[in-house]
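Visitor: Next comes the sequence, and after it the predicted model I'd like to discuss.
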Amino acid sequence: MSSPCPSGRCGILVVDDDEVLASTLAKLLRQHYAIVHTALSGTEAVVVLEHETNIRLVLTDLVMPVTDGLGVLEYARQHHPEVSVILMTGFGTIETAVEAIKRGAEDYLTKPFDTGTVLKKVSRLMELYELKERVALLESRLHQESPFSQIVAGSAAMRAVVQRAGVAARSSAPVLIVGETGTGKEMLARAIHNASPRATRPFVPVNCAALPHDLMESELFGYRKGAFTGALADHAGLFEAAHGGTLFLDEIGELPLAAQAKLLRVLEAGELRRVGETTAARVDVRLLSATNRPIQQLQGGAFREDLFFRISTIVLDVPPLRHRRDDLYLLVKHFLRLLEERYARPVSLDRASLDRLLSYPFPGNVRELAHILESAVAVSTDSPQVILDHDLVPLLRSQPAFHDLPPQVASDCSLETLEKFAIRQALRLSNHNKSRAAELLGLSRGSLYNKLKEYGLESTGDDPNPAGAPASFKN
């Protein structure tokens, strides 16, 4: 079953055993439509329909060996009912074409045909599909709540994030969402998309950390048939799938440098070139990105600084759950309500179990809270169910007693103290050559200057025993 395709990016499949005619017709259609596939037999057409989920129109010759046009039509009716079929036929088989329309074909073309007739019939069917898709999406949203209503934001910190996200939704600027794993970055990205003018267009989420590096470019930007071994047909990438809508790149810090360079080109020029393709195609995509790394890590090291500035026009910093305790009780109520609907029975917490959750640091954040509550509910058949303290204890991670550390050791372990020490060490080892120091630290020169300014180290001189060094590192 095919999935919805974005307006303007619905594919067309031309099927004819006459290679010259198929190529000529495909060339004509590519002047007006971005995605046009070809197949030289009915059997090949079936394979393409199975692998390319964006095809919405098939132009197929009626008379072909093995699997003819009627066979292609029958397959499309059974397995891809959303795909329209136009039959192409000579004058001697017009009666058969008319019969095919009774069996589900949308239209037919008689050979030889003129370009005006072809484009008129194709345009009518493609526009009709896009209109139906848009109406269906609009109708589905009539009864929906505000896009941000599912985001629990009782704390001042989270309310500020949601308010800023609402402003971001009204623009087309790239947004970078920063936060620990499990804080709800994808949910926030979906809300931004659903509150934006692109809400009726696709939202395409991509986990960059889950894509193999050797397939990253072909998955993101697509490839042409024959570009590499296994490329049996043209393949639209995820950027093209998001045309007109929003592409969400989760864990964008995992992108390899080659993909970063190509992504920068797409963002700057608004066009992409598939792997194996010589010409570029226009693409209209709003980019939302997310990372669980500290934002400083994206500004240096293996992530391009020019790309960082391009993706971070608006930055949303989602606080971890341990920093938004005011939201914990609201989140518990929210998840219990969802669990009551899912398991069809009343569920509640006693006071001791609630206190247990309030004192827990939640290293896995909101996702971990949802998992803990569902785990407690899933193993019970009580109705009504009251989650008790002893139900939660096995589900919580044991925590090291950080409060037993001596104050001096704890302060020496702060990230700021260690970064200052590392910068001073690099400057001393490089004889205060800032380019060399940046190289030793794995930073760009610009990032090092930002760090020097941030920590007030611009005038750092030769100091054999810097005051900011942690006690455990001093000689």
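Guide: Structure received.

Visitor: Distance-wise, check the residue nearest the centre of the chain relative to Leu321.
Guide: In the chain, the C-alpha nearest the mean C-alpha coordinate belongs to Pro205, at 2.1 Å (CA atoms, centre = their mean). Taking CB to CB, to the nearest Å as the measure, Pro205 falls 22 Å from Leu321. For the C-beta atoms, the positions are set from N, CA and C on the backbone; glycine is no exception.

Visitor: next one: Glu305
Guide: From Glu305 over to Leu321 the distance is 31 Å, taken as CB to CB.

Visitor: what's the domain layout of this structure?
Guide: According to automatic domain parsing, the chain is divided into the following domains: 11-140, 156-319, 324-395, 407-473.

Visitor: of all those, which lies closest to Ser146?
Guide: Across the domains of the chain, Ser146 has its closest neighbour in domain 156-319 (7.6 Å, CB to CB).

Visitor: Phi and psi next, for Arg310.
Guide: Geometry field for Arg310 lists phi and psi as phi -70, psi -40, criterion degrees, to the nearest 10.

Visitor: got the CA coordinates for the helix or strand hosting Leu267 in PDB?
Guide: Assigned by DSSP states H and E, Leu267 belongs to helix 257-269. Presented in PDB, the C-alpha positions along helix 257-269 are these (Å, rounded to 0.1, in the frame of the first residue of the first chain):
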ATOM      1  CA  LEU A 257      31.000  15.400   6.700                       C
ATOM      2  CA  ALA A 258      30.100  14.500   3.100                       C
ATOM      3  CA  ALA A 259      26.400  14.600   3.900                       C
ATOM      4  CA  GLN A 260      26.800  17.900   5.800                       C
ATOM      5  CA  ALA A 261      28.300  19.500   2.700                       C
ATOM      6  CA  LYS A 262      25.400  18.300   0.500                       C
ATOM      7  CA  LEU A 263      22.900  19.400   3.200                       C
ATOM      8  CA  LEU A 264      24.400  22.900   3.300                       C
ATOM      9  CA  ARG A 265      24.000  23.100  -0.500                       C
ATOM     10  CA  VAL A 266      20.300  22.200  -0.300                       C
ATOM     11  CA  LEU A 267      19.700  24.800   2.400                       C
ATOM     12  CA  GLU A 268      21.600  27.500   0.700                       C
ATOM     13  CA  ALA A 269      20.300  27.000  -2.900                       C
END
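
Visitor: beta partners of Leu349?
Guide: Ile387 (DSSP bridges).

Visitor: so who does it touch?
Guide: Leu349 sits next to Val332, Leu336, Leu357, Val386, Ile387 when contact means CB atoms under 8 Å, 6 or more residues apart in numbering.

Visitor: CA-only coordinates of whatever helix or strand the third one lives in, as CSV, when you get a sec.
Guide: Just to be clear, that refers to Leu357. When elements are assigned from DSSP H and E, Leu357 belongs to helix 351-358. Coordinates of each C-alpha in helix 351-358 appear next as CSV, following Å, rounded to 0.1, in the frame of the first residue of the first chain:
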residue,chain,number,x,y,z
ARG,A,351,1.1,9.2,47.9
ALA,A,352,4.2,7.2,48.7
SER,A,353,4.7,6.2,45.0
LEU,A,354,4.2,9.8,43.9
ASP,A,355,6.8,11.0,46.5
ARG,A,356,9.1,8.3,45.1
LEU,A,357,8.8,9.7,41.6
LEU,A,358,9.3,13.3,42.8
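
Visitor: which helices and strands sit right next to it?
Guide: In this structure, helix 351-358 makes packing contacts with helix 328-343, helix 389-392, judged by 3 or more CB pairs under 8 Å, 6 or more residues apart in numbering; DSSP states H and E.

Visitor: Now do it against helix 328-343, angle only.
Guide: Angle, helix 351-358 to helix 328-343, by axes from the mean of the first three to the mean of the last three CA atoms, to 10 degrees: 110 degrees.

Visitor: Right, I'll call it a day here.
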